[in-house]
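Enquirer: Okay, predicted coordinates and the sequence, questions at the end:
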2 protein chains.
Amino acid sequence: MGSSSPSDSSFPVTASNINPKVLECEYAVRGEIVTLAQKLQESLTANPGSHPFDEILYCNIGNPQSLGQKPITFFREVLALSDHPAILDRVETQGLFSTDSIERARTILNQIPGRATGAYSHSQGIKGLRDAIAAGIEARDGFPADPNDIFLTDGASPAVHTMMQLLIRSENDGILCPIPQYPLYSASIALHGGTLVPYYLDEASGWGLELSEVKKQLEDAKSKGISVRALVVINPGNPTGQVLSEENQREIVKFCKQEGLVLLADEVYQENVYVPEKKFHSFKKVSRSLGYGESDITLVSFQSVSKGYHGECGKRGGYMEVTGFSAEVREQVYKLASVNLCSNVSGQILSSLVMSPPKVGDESYELYNAEKEAILSSLTRRAKALEDALNKLEGVSCNKAEGAMYLFPRIRLPEKAIKAAEAVNKAPDAFYCTRLLNATGIVVVPGSGFGQVPGTWHFRCTILPQEDKIPAIVSRLTEFHEKFIDEFRD
Amino acid sequence: MGSSSPSDSSFPVTASNINPKVLECEYAVRGEIVTLAQKLQESLTANPGSHPFDEILYCNIGNPQSLGQKPITFFREVLALSDHPAILDRVETQGLFSTDSIERARTILNQIPGRATGAYSHSQGIKGLRDAIAAGIEARDGFPADPNDIFLTDGASPAVHTMMQLLIRSENDGILCPIPQYPLYSASIALHGGTLVPYYLDEASGWGLELSEVKKQLEDAKSKGISVRALVVINPGNPTGQVLSEENQREIVKFCKQEGLVLLADEVYQENVYVPEKKFHSFKKVSRSLGYGESDITLVSFQSVSKGYHGECGKRGGYMEVTGFSAEVREQVYKLASVNLCSNVSGQILSSLVMSPPKVGDESYELYNAEKEAILSSLTRRAKALEDALNKLEGVSCNKAEGAMYLFPRIRLPEKAIKAAEAVNKAPDAFYCTRLLNATGIVVVPGSGFGQVPGTWHFRCTILPQEDKIPAIVSRLTEFHEKFIDEFRD
């Protein structure tokens, strides 16, 4: 048995004899920079004052509650009552919980066979919860949704893996992916042994999705013998923050129909739109508006409880709505869901709540709405403040964060900085981000982790730090950037 | 694009152009019989009295709470308080929850950065919870456990997939698996494109694991050019219910060391042992007792909150303890965990509770212990009652359920029955199980879904129906079996 390094040689399993697809897969959002941040955090805890900053500011990952965002009270009340139904009939409970959360918990429990939240559910998820989600989709889109099309999942990531597992047969199968992309896609395509077929978003037009570019890349892939199976669209965009126009979406839908591509629509940021001139439209709504039915387009929409105004990442809830597959293929999707038995029931419940929140007149409505609006309006202000600050930096340009939770500024780095990065065997943007972290405690992810036009450099920064921290982040970032540019000015 | 059937032809994705590994994978526990059971359930609901039974009795899957088992109060109290920490300081809470569940929730929340149960955690799981689990393992085994070896997962199934993904490079990589096996293993090996190398458990010696058989199969696989990477052991056994002797475990550990095999130890039934003469020993304890350290044996142990006396299947919690991998390979395991961000935090909390339940002197201890003992002693009685009943049936022999949640009786079917099965294109055991379901509403899984010595027929039956239902199950089963045998008697 071979071994790639001496430390590895005494073990039967070594880096040189594991699945090479695992080695190939990359996931920058939790990569090298985050490992460094964790080390700095430990060092700060052990020796306060040992660094030029007193806390690590995690802007690397869309994890709102880790940065102080509070959960929506109604959601947590229903979850707590579903966990411990024994207290539903106690007098004290009425003092602690809202009337409608108690009612909702009862309704949900009655939808679960034997009221057993501790039982494996149907592999697609509890039927009553899927009914609520389908009703929520109908209300959102104005088109029917079928609860049998809903597969509840442990967040959107396992759903994406399921689709890649289904579609990819070999490295000759390609998946069209936006570049920059959320690295779950490249990781999942690598793990399942397929080929990522990139299409570049146009930074100059606010990260526009140009169909001519997609067509060109599809033809190019075909000419190389790649069978392209699906097109991934992330809308609102991650890491790029753009919101597609309805017209653009229509073009994409028509193109997928024409080319027989499965449209994999990552719509987990559907609640996160920050500009009045843009609105989220689901790809299902757009395709149904075009008059396309089940047999015209194969479309999978991914949704998650981790994003939106709720940001319940730790709950690992989500669903995919699977439309336009034949009954035979649907059975195979069901089988894949069955092999893991079911997704976690708390996450299932939360997915249904997110798609059917309190309504006007419910006791919880006012608080729910106030919490929701406070979070969304604050995110809008934070997006604008960070965008403005980034655009003031020398050599930095940043498109508007129309939606999602990120900014993806372009940084024009001096030649000297690029050489210095090469000297330490780092991508220039990774070099910049490492320096930024060491100097300020701010954690951002280098653009190279998401893909970018060769020769351009970016980083992804979330808009999630609490508002009172934004001024400090802006001033630390500005000070660092000026010093960095001065140090390496050509 | 080809199509395997007319119904499929109008869709771009068809059964004939999806990943063939998905088609190959089988998962009997939720297969044809369960689909039929669901149809019967619907028909019973729509037309009560339309069948010779008034309820479907699900004995197909280890899902205790779906059959009326109540969750452990302490666990659910802590979960509810962790979901909704806002009530921790309220006076009413003291009336509703035990002192130690309130304390435990506080401790856990303090271990979570920002007390944010809605945040993604560390990819391996929350550090404080891993500390508690490591302490629980140490207390169980009397050997040290390292929290950095613990990876918290959404149940044991995703953990098994992770290991298969890591180890399997192509169909030339083999995994030694017991036959009969839990079909997660065959499904996961098929999905990851490897080869299942079977070793047969010896039914005559109470489903004994004979090392000579394992050796023979390993040599046989090697001679076919298969590189065998790992040995799966399920202890207590699923579907077979045996508990391995410590001596047998020692042999297995030595064998894995000698052959450089990764030992994949499915230990999810560690709390489920029903006979006084047997005791659960973890493979880690056995290997450390032999003096084997990290560099002697690569061992992964799987644990789940779904089994034991808690049976919290819907919570999707579990962990794997990963030992004896080099740092480099460990990093790859970490990367795979990172791509899905983290497991659900409620499941993480529950995993820690299961490994560190209330102690003597805690307010909850008496209730916790009474609930636990009631469940385990009832399971012991149920295992015995069903085993005795099965052994009374003509042509049926059933080994003792020493542990786990299943019986796997052998049924000797008359030639005529086998012919009748062939005539309808069914395996004889599937034919028997379908007949049983249609006649009695009892759902069991045909042995062919788990693997069995060719020419022998079995089914898997859980011991989980509530005790008051056992007499009805026994009498319905007995009546059906007699009629069946009479109908087909040669």
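Expert: That came through, no problem. Everything numeric in this text was worked out from a predicted model, so none of it was measured.
Enquirer: mind listing the strands for the stretch 151-300 of chain A?
Expert: Assigned by DSSP state E, counting those that start in this stretch, the strands in the stretch 151-300 of chain A fall at A:173-179, A:195-200, A:227-234, A:262-266, A:299-304.
Enquirer: Which among these is found nearest to B:Gly128?
Expert: strand A:299-304 (25.7 Å; Cβ to Cβ). (C-beta placed from N, C-alpha, C; glycine too.)
Enquirer: can you list the domain ranges for chain A.
Expert: A:31-60+A:375-488, A:113-355 (automatic domain parsing).
Enquirer: tell me the mean pLDDT over the longest one?
Expert: Regarding domain A:113-355, the rounded mean pLDDT is 96.
Enquirer: just to revisit the earlier point, of all the strands of the stretch 151-300 of chain A, which lies closest to chain B?
Expert: Minimum separation from chain B across the strands of the stretch 151-300 of chain A (Cβ to the nearest Cβ) falls at strand A:262-266, 6.0 Å.
Enquirer: hmm, who's touching that closest one?
Expert: Outside strand A:262-266, the residues within contact range by Cβ atoms under 8 Å, 6 or more residues apart in numbering or on different chains are A:156, A:160, A:163, A:167, A:175, A:182, A:229-235, A:238, A:252-253, A:256, A:282-284, A:287, A:297-302, B:12-13.
Enquirer: List the strands paired with that strand, with their directions.
Expert: strand A:227-234 (parallel), strand A:299-304 (parallel) (DSSP bridges).
Enquirer: hang on, the earlier thing: and the strands of the stretch 151-300 of chain A as TSV, adding mean neighbour count?
Expert: Formatted as TSV, the strands of the stretch 151-300 of chain A follow (neighbours: other Cβ atoms under 10 Å in any protein chain shown):
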stretch	mean neighbour count
strand A:173-179	24
strand A:195-200	21
strand A:227-234	23
strand A:262-266	27
strand A:299-304	27
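Enquirer: Looking at those, spot the one closest to B:Gly324.
Expert: Among the strands of the stretch 151-300 of chain A, strand A:195-200 sits nearest to B:Gly324 (Cβ to Cβ), with 34.1 Å.
Enquirer: So the closest one, near chain B or not?
Expert: No - figure legend: strand A:195-200 not in contact with chain B (Cβ under 8 Å from any Cβ of the partner chain); closest approach 14.1 Å.
Enquirer: What is that strand packed up against?
Expert: strand A:173-179, helix A:183-191, helix A:211-223 (3 or more Cβ pairs under 8 Å, 6 or more residues apart in numbering or on different chains; DSSP states H and E).
Enquirer: Starting from it, tell me which strands it pairs with and how they run.
Expert: By DSSP bridges, strand A:195-200 pairs with strand A:173-179 (parallel).
Enquirer: The residue of the stretch 151-300 of chain A found nearest chain B: neighbouring residues, count only.
Expert: Per Cβ to the nearest Cβ, A:Gly260 is where the stretch 151-300 of chain A lies closest to chain B, at 3.6 Å. A:Gly260 has 14 neighbours, counted by other Cβ atoms under 10 Å in any protein chain shown.
Enquirer: hey, where'd the helices end up in the stretch 251-400 of chain A?
Expert: A:283-289, A:327-339, A:345-355, A:365-392 (DSSP state H, counting those that start in this stretch).
Enquirer: Please identify the most buried of those helices.
Expert: Burial of the helices of the stretch 251-400 of chain A is given as mean neighbour count (mean count of other Cβ atoms under 10 Å in any protein chain shown); helix A:345-355 ranks first at a mean of 29.
Enquirer: counting contacts, what elements does it pack onto?
Expert: Using 3+ Cβ pairs under 8 Å, 6+ apart: helix A:345-355 touches helix A:73-83, helix A:99-111, helix A:127-141, strand A:150-153, strand A:318-323.
Enquirer: picking up where we left off before, can I get the strands of the stretch 151-300 of chain A in TSV with distance to B:His192?
Expert: As requested, the strands of the stretch 151-300 of chain A are exported to TSV (distance: least, Cβ to Cβ, whole Å):
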stretch	distance to B:His192
strand A:173-179	17
strand A:195-200	19
strand A:227-234	20
strand A:262-266	22
strand A:299-304	22
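Enquirer: what's A:Gly114 sitting at in phi/psi?
Expert: Main-chain torsions, A:Gly114, degrees, to the nearest 10: phi 70, psi 10.
Enquirer: tell me the contacts of the residue nearest to it when sequence neighbours are not counted?
Expert: Take A:Gly114 and drop its neighbours on the chain: the residue closest to it by Cβ to Cβ, 6 or more residues apart in numbering or on different chains is B:Ser66, 5.9 Å away. Neighbouring residues of B:Ser66 by Cβ under 8 Å, 6+ apart: A:113-114, A:116, A:119-120, B:58, B:313.
Enquirer: repeat for A:Asn235
Expert: Taking Cβ under 8 Å, 6+ apart, one finds A:243-244, A:249, A:265-267, A:269, A:280, A:283, A:403 in contact with A:Asn235.
Enquirer: what's the distance between it and B:Pro446?
Expert: 46 Å (Cβ to Cβ, to the nearest Å).
Enquirer: for A:Arg104, same thing?
Expert: With Cβ to Cβ as the criterion, A:Arg104 and B:Pro446 are 41 Å apart.
Enquirer: can you count the residues close to A:Ile126?
Expert: Neighbours of A:Ile126 (other Cβ under 10 Å): 24.
Enquirer: Got the phi and psi for it?
Expert: phi -60, psi 130.
Enquirer: re earlier: the strands of the stretch 151-300 of chain A: which one's closest to A:Glu77?
Expert: strand A:299-304 (21.0 Å).
Enquirer: could you list every residue that touches the nearest residue to A:Gly208 once chain neighbours are set aside?
Expert: Closest residue to A:Gly208 apart from its sequence neighbours, by Cβ to Cβ, 6+ apart: A:Asp202 at 4.4 Å. By Cβ under 8 Å, 6+ apart, the contact list for A:Asp202 reads A:208-210, A:213.
Enquirer: likewise A:Ala383?
Expert: Per Cβ under 8 Å, 6+ apart, neighbours of A:Ala383: A:241, A:274, A:401, A:407, A:463.
Enquirer: what's the burial count for the nearest residue to it once chain neighbours are set aside?
Expert: Nearest non-adjacent residue to A:Ala383, counting by Cβ to Cβ, 6+ apart: A:Ala401, 4.0 Å away. As a burial measure, A:Ala401 scores 30 neighbours (other Cβ under 10 Å).
Enquirer: Likewise for A:Asp220?
Expert: 13.
Enquirer: now the residue lying closest to it once chain neighbours are set aside: how far from B:Gly361?
Expert: Take A:Asp220 and drop its neighbours on the chain: the residue closest to it by Cβ to Cβ, 6+ apart is A:Val197, 8.0 Å away. A:Val197 sits 63 Å away from B:Gly361 when distances are taken as Cβ to Cβ.
Enquirer: for A:Ile189, same thing?
Expert: Taking Cβ to Cβ, one finds A:Ile189 at 54 Å from B:Gly361.
Enquirer: the more surrounded of those two?
Expert: A count of neighbours by other Cβ under 10 Å puts A:Ile189 above the other of A:Ile189 and B:Gly361, at 28 against 7.
Enquirer: hang on, the more buried one packs against A:Leu176?
Expert: No - if you go by Cβ atoms under 8 Å, A:Ile189 and A:Leu176 don't touch, sitting 10.5 Å apart.
Enquirer: What is the most widely separated pair among the contacts of A:Ala383?
Expert: A:Tyr274 and A:Leu407, at 11.2 Å, using Cβ to Cβ across the contacts of A:Ala383.
Enquirer: Who has more neighbours out of the two?
Expert: Set A:Tyr274 next to A:Leu407 and count neighbours by other Cβ under 10 Å: A:Leu407 wins out with 27 against 24.
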